[in-house]
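> What follows is a predicted protein model with its sequence.
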Amino acid sequence: MATIPSTITTTNLALQAVTEPGWRRGFANLLRNENRMWWGTRKGLVHLLLWLVVLNGLILLIGLTDGQDPNNPFTLYDTLIQVFFQIGALATAIGVVTTAQGAIVREKQLGTAAWVLSKPVSRGAFVLAKFVAYAIGFVSLALVVPSAIFYGQSVFLAGRAPELAPFLGGV
């Protein structure tokens, strides 16, 4: 009589057993899938272009059209920094909430959330994988890239760059 081996020694199998315990069950697979949705499709490019147009386009528009008023105590540099941080915070907060909320709601409406949760996946891993993927996507596309471009824009438009440490702290 043949016995089934308790461990699989072949490493190139198409399907591999997942042994994540408890709340992490299925997290790695779900995170890989969510990251593929951000970086393997046009979604990442669309978000990058959106944030560059909204944040850096507005800064460029203000920097090129803002004439120096002698009665205005703020310089162009101060105005650019103030607009970047105020508009950036508001636009990013609205964008994060609407996009992330739409992701889970859309999966509930399409029935894919119920299908995924019928597999050996915990609810916590499902939500956490979405949260981590969206956090990585938004931090890199709506925060890091526009901030780096703004740093260069401030040199081009106002003639000086912000001090690096306070700027990074503000970002």
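Received it, and whenever you're ready, just let me know what you need.
> Now do the closest residue to residue 121 other than its chain neighbours: how many residues are near it, please.
Computed as CB to CB, 6 or more residues apart in numbering, the closest residue to residue 121 that is not its neighbour in sequence is residue 26, at 3.3 Å. No exception for glycine: its C-beta is placed from N, CA and C like everyone else's. By other CB atoms under 10 Å, the residues close to residue 26 number 21.
> can you check residue 25 too?
For residue 25, the tally of surrounding residues (other CB under 10 Å) stands at 20.
> Could you measure from it over to residue 119?
Going from residue 25 to residue 119 by CB to CB, to the nearest Å gives 9 Å.
> Check residue 160 too.
Counting by CB to CB, the separation of residue 160 from residue 119 is 55 Å.
> now the residue nearest to residue 121: how far from residue 33?
Relative to residue 33, and taking CB to CB, residue 26 is found at 10 Å.
> how about the residue nearest the centre of the chain, what does it touch?
Nearest to the mean C-alpha position of the chain, by CA atoms, centre = their mean, lies residue 138 at 1.6 Å. By CB atoms under 8 Å, 6 or more residues apart in numbering, residue 138 lies in contact with 47, 92, 95, 96, 99.
> Which element, helix or strand, includes the first one?
Remark: residue 47 resides in helix 43-51, with elements defined by DSSP states H and E.
> What residues of that helix count as buried?
Within helix 43-51, the residues scored as buried using 16 or more other CB atoms under 10 Å are 44, 47, 48, 51.
> What is the burial count for the closest residue to the last one other than its chain neighbours?
Using CB to CB, 6+ apart and skipping residues adjacent in sequence, the residue nearest residue 51 is residue 142, 4.5 Å away. Residues lying near residue 142 (other CB under 10 Å) number 24.
> In helices, which of the contacts of residue 138 fall?
When DSSP state H defines the helices, the subset of the contacts of residue 138 inside them is 47, 92, 95, 96, 99.
> What is the burial count for residue 32?
12.
> do the one 5 residues further on as well
Neighbours of residue 37 under the rule other CB under 10 Å: 16.
> and it, what is it in contact with?
43, 133.
> Let's see that with 7 Å instead.
Applying CB atoms under 7 Å, 6 or more residues apart in numbering to residue 37 gives the contacts residue 43.
> Just the element for it, please.
With secondary structure defined by DSSP H and E, residue 37 is part of helix 27-39.
> tell me which residues in that helix are buried?
So, applying 16+ other CB under 10 Å, buried residues of helix 27-39: 27, 29, 30, 31, 34, 35, 37, 38.
> Taking their axis directions, it and helix 43-51 sit at what angle?
With axes from the mean of the first three to the mean of the last three CA atoms, to 10 degrees defining the directions, helix 27-39 sits at 50 degrees from helix 43-51.
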